[in-house]
Each structure stands twice: as C-alpha cells, then as structure tokens.
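Structure, please.
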Amino acid sequence: MAAAENTADLPPGAAPADAQATTRMQQALQNLAALSTRQKIAGAVAIALAIALVAGSLLWNRAPEYAVLFSNLDERDGGQIIAELQQRNIPYRMSPTGHAILVPQAQVHETRLRLAADGLPKGSLAGFELMDGQKLGISQFNEQVNYQRALEGELTRTVQAIDAVASARVHLAMPKQTAFLRDDQRPTASVMVNLRGGRILSPDQVAGIVHLVSSSVPRMHAEGVKIVDQNGKLLTEQADPLLRAGLDATQLEYVRLLEQGFIERIDKILAPLVGKGNYGAQVAADVDFNQVEQTAETYKPNPTPDQAIRSQQTSEAFNPQPGAQGVPGALTNQPPVPATAPITNPQVAGGGGAQGLASGNRSAVLNYELDRNIQHVKQAVGQIKRLSVAVVVNNRTLPGPDGTPTNVPLPDEEIARITNLVREAVGYNADRGDTINVASGAFADDGSGAAPPPWKDPEIVALGKEGLNWLLVLIAILFAYFGVIRPLLRTVVPPKPKEEKKGAAAGEEGGEGEEGEEGVRVTLSGETGEGEETETFEQRLERARAAARNDPKMVANLIKDWMGMNEEARK
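Now for the predicted structure:
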C-alpha cells in the first residue's frame, strides 16, 4: 500500500506520457500488421493518390504562364535557340503548330536580350555581310550577283520590320546598263509579303513599301514595284478598283472627314437640347473633285456713236478724163487754145463734142475703243455639290394617366425648330439642292450604354480564376485528409483512451486521510466506467483481490511498475 500512497497525485489507472505514446505506437504497429495484404496495398495506393492530388494541385496552381519567345523560325535558328535554352536551364515549350518557341512570361524579355547578345536568331537572310567575305579575284558578274542578293536581303529585313508582316521576299530584276538610250530598261521589283493572322496592309502601308523599294534601287520607278500577299492578291495601287475608277484614297478620306465634321456640328447643337443618346444624325455629301479652269474674252457689241475713236484713216483718189470736142476736120487738128479763166470755157463756135468723163476712189478706216473683258476662272477641288442630312430624335417619355411612363412623339413645332437648327449648323443651300429630314421615333434599348456584367470584367475574371485555383487546391487537400488519410489512421491507430479524473477528485467521497486509501483507484481488470466513482473502498478492494487471484502475474507487474516510479520519484 506504500506504493499506492506515493502515486496518489497521478490519475488513477493512468500511465506516464512516454508509456502511453509507446503503447499507442505498439498498438498501431500491431493493427497495421494485422491488416491483410490487400488492405495494405489499398492503403498505400490511397496515400499515394492523395499525395499526388495535393502535389498536382499545388504545381498546377504555381505553373508559370508561357509567352512566345520567337516564331516563324527556320530549322537552323530554332535548333540553335533550343540548344541555348537547354544550356541555360530555361524551361521552354513548343506551340501546338510547332511554329513558335514559348518560355515563361517573366523571362521573355531577358531571354531575348541574352540570345541577341549571342547573335540569335541569325536568320536565313543575307544582307550586305555577303560583301565582307569576297575574294580578291572575284569576277564582275559574281560581284554583281552578290550585290543584288545583298540588296534583296536588306530590303526583305526592312519590309519584315512592319508590324503586320510576318515574313517577306523581295526579288529585283536589274537589267544590264547600256550606252544606247533606245535599249535602256528600268529595274523592277516584286515583293511577296506573308501577313500575320487577321492583319491587312492599309493603302498607306502599301504605298510606303512601294516607295521604300523604289527609292532603294537606282533608276527604279514606283510603277515598277509590285506587291502581292500570301494569297496571291495584288496589293499595289493598280489593283485598287477605286483608283481605276478615278477615285483616290485621299479623296474618300476627305469626304469622310467632311461628313464627320457636319455630324459633329449637329451633335453640338442637339446634345444640350435633347440629351446625349436621344438622337442620331447622318450626313451624305456629294463632292465634286473635278478641276475646272476657264478663260473667256468678251466684247461689247454695236458701239454707240459717241464712243471714243481710237484711230481714223481716209484715202481719196480722183482721175478726170475730158471728152472729144468740135467736128471732124481741119479744126480738130489745130493745137488747143490757151486756157483762160474761168476754167469752164464755152465751146468753140462751130465745134461740137461730148461732155468730159472722170473716175475716183475714196476709202475711210475708223477704229473705236471697244469694251473687252478677259476672265480666267479656276474652280477649287472638292466643292460640295449637294448635302443630304437625316436626323432622328427619340420620343419623349411622359407619365400617362395611370402614372406609367409613355412614349410621346415630338410635336411638329419641336421638329420644325430642330430642322431650322440643323439647317444653320450644316450651311443649308437650297440652290445646291440640299435636303434635310428630321423625324421622331421610339429608340430601342439594346443595352449598349449599360455597364458590362461583372462576370465579363477582365479584372474580375482574372481574380476569379486565381481564387478558383486556390479553392481547388484546398478542396484537394481536404479530400485527401478526410477521404483517405483520416479513415486510414482510424483503422491503424487506436483511439486515445479518455483521461480519468485525478485522485483528489475521485476521493471526495471518502476524504483524504493519512493512509489515503480511498483516494487510490485500483483498476486491474481494464474496466472503467462512470459508476465506479460511487463504489466504496471495500468494494474496490474486493475487486483488486479478485484480480490478484485471477491474474497474479499482471498484479506483480503493476506493483513492479509502481515501485519503479517511486524509485524515480525518490531520485
């Protein structure tokens, strides 16, 4: 009983912590050994699957996003780049089509700079570096061929620098120069561009490539450059149907800007009046791009008598011829009588004859100052021939008799007022035949002005994806623990016994005497229960005696344990 007195401060029937842990470990090993081979294999597979599920979820969540490092590489450059990435221990992937090399997005720019320092990618195009390794005894023909190849390579590199162009090829036809002008030919060029997916070349970009190539080759005209895409479509201006019809892209752009300017004027007038979004306006302008140049010279007909005389010239000529006089005979043969005044003499008596004849010419030239008008007219290009304006205004929303909102068309006075405002805004001219039509109608609500739903917001979508990744990881961990690990532990590891109350609490019924016999719980049979706390000391003593009679070896071992504990306590 002395040993029992020294252990009165320990919970009745409780062993030390180390002993309990050792006992539980031994029991767990015994339970594990008691399992069948099939159960052991199933447990190992379940644990492995749980670990793989958790590890896969973590790795998938932490997997970096890959971005394109290089695309459309030839085989030589692609192999060199992959070898360099393997040497630098940079993870990489190939695109599903095999045309691009992907690396983690955070390392794209750094990797490009490092590869560029090593001269990668080199590219299959050869530029003017061909001229660096020429031999001393090279012929003139080979030198000309190398120069043409180098020029084609440099032009190809330049064209590929355009954002919409994935790759390009440039072919130059450079005829041999001759001293005869009649046999002189201009060089020409053909450019084939491979455009990126969904991209096109604008007319300005096509014109830029044409002038770039023509300006890089001596004596080449822009008309000698042809550009086609990967589909064989001619992209130069000769293939533009608008240009063949006499229209220019700049003219179409001018019409568009002109119409847009009129629409902006209408917006500034109607927005404060009916509100933004409650109207729509469209303007169609008929523009005359013909360049007319006229020169006219006019004179005022039928001048008046009092008009100023510029010059006058008069010419008069008179030639008199006298007739025959007297009768034929001797008298007519006599010399004439000397002249006497007056000039007109009476006829000689006895003589007879005809009256004298005379001839004359008189002309006059009179020049007047005339009214002369010379007019030179050059009409400006891009004059507006006619304007057509259409404006639609949304109906007004007014409360109905029952209080519900009702759409009411605008009154005629309001439409007339809007029409007058639009006329003044666009510069209405009836002589040109301009037309303006203003109508009122109910607008359909297509939801275009409403804010996009939250699930379509890119930031919210990205945040949701990240949260979903971590949620899947958490679900995998919980499933692995509650579905695999915990049931397996329950099968292998025995449940921890419930701690008994301390001896001081157990001995409340009998109190604490010198011997303290009532404060000691003796549990030898392994049976515990709440009803044991109400047993008397005699009853517990009788149970201990019965246990000693039934299993004296166990009682001896228990006493030895108590004695060992007492020795450690005394130390």
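
which non-adjacent residue is nearest His211?
Leaving aside its chain neighbours, His211 sits nearest to Ala222 (5.9 Å; criterion: Cβ to Cβ, 6 or more residues apart in numbering). Placement of C-beta: from N, CA and C, glycine included.

ok, and for stretch 65-82, which residues are buried?
For stretch 65-82, burial by neighbour count (16 or more other Cβ atoms under 10 Å) applies to Tyr66, Leu69, Phe70, Leu73, Asp77, Gly78, Gln80, Ile81.

Likewise for stretch 254-270?
Tyr254, Val255, Leu258, Glu259, Phe262, Ile263, Arg265, Ile266, Ile269, Leu270.

Equivalent analysis for stretch 461-478, please.
Residues Asn469, Val473, Ala476 are the ones in stretch 461-478 that count as buried (16+ other Cβ under 10 Å).

any idea which helix or strand carries the second one?
What that stands for is Val473. helix 458-480 (DSSP states H and E).

name the helices or strands packed onto that helix?
helix 37-62 (3 or more Cβ pairs under 8 Å, 6 or more residues apart in numbering; DSSP states H and E).

list the helices and strands the helix it packs on packs on?
Helix 37-62 sits against helix 458-480, helix 486-492, with contacts defined as 3+ Cβ pairs under 8 Å, 6+ apart.

now it and helix 458-480, what's the angle there?
Angle, helix 37-62 to helix 458-480, by axes from the mean of the first three to the mean of the last three Cα atoms, to 10 degrees: 160 degrees.

re the thing from before, what's the pLDDT at the residue nearest to His211?
pLDDT, Ala222: 87.

follow-up on the earlier one: any idea of the mean pLDDT for the helix holding Val473?
For helix 458-480, the per-residue pLDDT averages 77.

now swap in stretch 82-95 and tell me
Rounded mean pLDDT across stretch 82-95 is 88.

and for that stretch, what are the contacting residues?
64, 66, 68-69, 71, 100-104, 107, 111, 114-115, 118, 120 (Cβ atoms under 8 Å, 6 or more residues apart in numbering).

Quick one, which of the helices and strands packed on helix 37-62 gets closest to Thr156.
Counting by Cβ to Cβ, Thr156 lies closest to helix 458-480 out of the helices and strands packed on helix 37-62; the figure is 37.9 Å.

Restrict the closest one to CA atoms and write it as PDB.
Extracted C-alpha coordinates of helix 458-480, given in PDB (Å, rounded to 0.1, in the frame of the first residue of the first chain):
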ATOM      1  CA  PRO A 458     -11.300  41.200 -67.200                       C
ATOM      2  CA  GLU A 459     -10.000  42.100 -63.800                       C
ATOM      3  CA  ILE A 460     -12.800  40.200 -62.000                       C
ATOM      4  CA  VAL A 461     -12.300  37.200 -64.400                       C
ATOM      5  CA  ALA A 462      -8.600  37.100 -63.600                       C
ATOM      6  CA  LEU A 463      -9.300  37.400 -59.900                       C
ATOM      7  CA  GLY A 464     -11.900  34.700 -60.100                       C
ATOM      8  CA  LYS A 465      -9.500  32.300 -61.900                       C
ATOM      9  CA  GLU A 466      -6.900  32.800 -59.300                       C
ATOM     10  CA  GLY A 467      -9.400  32.200 -56.500                       C
ATOM     11  CA  LEU A 468     -10.700  29.100 -58.200                       C
ATOM     12  CA  ASN A 469      -7.200  27.700 -58.400                       C
ATOM     13  CA  TRP A 470      -6.600  28.100 -54.700                       C
ATOM     14  CA  LEU A 471     -10.100  26.700 -54.000                       C
ATOM     15  CA  LEU A 472      -9.300  23.600 -56.000                       C
ATOM     16  CA  VAL A 473      -6.100  23.200 -54.100                       C
ATOM     17  CA  LEU A 474      -8.000  23.500 -50.800                       C
ATOM     18  CA  ILE A 475     -10.600  21.000 -51.900                       C
ATOM     19  CA  ALA A 476      -7.900  18.600 -52.900                       C
ATOM     20  CA  ILE A 477      -6.200  18.900 -49.500                       C
ATOM     21  CA  LEU A 478      -9.500  18.400 -47.600                       C
ATOM     22  CA  PHE A 479     -10.400  15.400 -49.800                       C
ATOM     23  CA  ALA A 480      -7.000  13.800 -49.200                       C
END
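
what sits against Ala317?
By Cβ under 8 Å, 6+ apart, Ala317 lies in contact with Gly360, Asn361, Arg362.

Take those residues and keep only those in strands.
Residues from the contacts of Ala317 lying in strands, with DSSP state E as the criterion: Gly360, Asn361, Arg362.

want to throw these into TSV with pLDDT, neighbour count and distance to Val287?
Output for those, formatted as TSV (pLDDT from 0 to 100; neighbours: other Cβ atoms under 10 Å; distance: Cβ to Cβ, whole Å):
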residue	pLDDT	neighbour count	distance to Val287
Gly360	74	9	71
Asn361	81	9	66
Arg362	81	9	65
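
just curious, which of these is nearest to Leu398?
Arg362 (97.9 Å).

Tell me the one among the buried residues of stretch 65-82 nearest to Lys226.
Among these, and counting by Cβ to Cβ, the member closest to Lys226 is Leu73, at 27.9 Å.

my read: the closest one touches Pro121, true?
Yes - Leu73 is within contact range of Pro121, at 5.8 Å (criterion: Cβ atoms under 8 Å).

any shared contact partners between these two?
What both Leu73 and Pro121 touch, as defined by Cβ under 8 Å, 6+ apart, is the set Ile81.

if we can go back for a sec, would you mind giving the ones in strands among the contacts of Ala317 as JSON lines with distance to Met554 added?
Shown next, in JSON lines, are the ones in strands among the contacts of Ala317 (distance: Cβ to Cβ, whole Å):
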{"residue": "Gly360", "distance to Met554": "186"}
{"residue": "Asn361", "distance to Met554": "181"}
{"residue": "Arg362", "distance to Met554": "180"}
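
For the stretch 251-400 of the chain, which residues score under the pLDDT cut-off?
301-307, 321-358, 369-370 (pLDDT under 70).

what do you get if the cut-off is 50, keeping everything else the same?
For the stretch 251-400 of the chain, residues meeting the criterion pLDDT under 50 lie at 341, 343-346, 348-354.

could you pull out the strands for it?
Using DSSP state E, counting those that start in this stretch, the strands found in the stretch 251-400 of the chain span residues 279-288, 293-299, 309-321, 357-368, 372-378, 383-394, 396-399.

what pairs with the second one, and is each one parallel or antiparallel?
Spelled out, that is strand 293-299. The strands that strand 293-299 pairs with in its sheet are strand 372-378 (antiparallel) (by DSSP bridges).

do the same with the longest one
Strand 309-321 has the following sheet partners, assigned by DSSP bridges: strand 357-368 (antiparallel).

export the strand it pairs with as PDB, just CAs?
Listed next in PDB are the C-alpha coordinates belonging to strand 357-368 (Å, rounded to 0.1, in the frame of the first residue of the first chain):
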ATOM      1  CA  LEU A 357     -15.600 111.800-168.100                       C
ATOM      2  CA  ALA A 358     -13.900 111.400-164.600                       C
ATOM      3  CA  SER A 359     -13.100 108.400-162.200                       C
ATOM      4  CA  GLY A 360     -12.300 108.500-158.400                       C
ATOM      5  CA  ASN A 361     -11.800 106.200-155.300                       C
ATOM      6  CA  ARG A 362     -12.400 107.200-151.700                       C
ATOM      7  CA  SER A 363     -12.000 104.900-148.500                       C
ATOM      8  CA  ALA A 364     -12.100 105.500-144.800                       C
ATOM      9  CA  VAL A 365     -11.000 103.300-141.800                       C
ATOM     10  CA  LEU A 366     -12.300 104.300-138.400                       C
ATOM     11  CA  ASN A 367     -11.200 102.300-135.200                       C
ATOM     12  CA  TYR A 368     -13.300 102.800-132.000                       C
END
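
Tell me which residues of that strand come out buried.
With burial defined by 16+ other Cβ under 10 Å, not one residue of strand 357-368 is counted as buried.

go on, stretch 168-180?
Quick answer for stretch 168-180 (16+ other Cβ under 10 Å): Ala168, Val170, Leu172, Met174.

Could I get these in TSV, plus columns for distance to Ala439?
Converted to TSV, the buried residues of stretch 168-180 look like this (distance: Cβ to Cβ, whole Å):
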residue	distance to Ala439
Ala168	52
Val170	56
Leu172	60
Met174	64
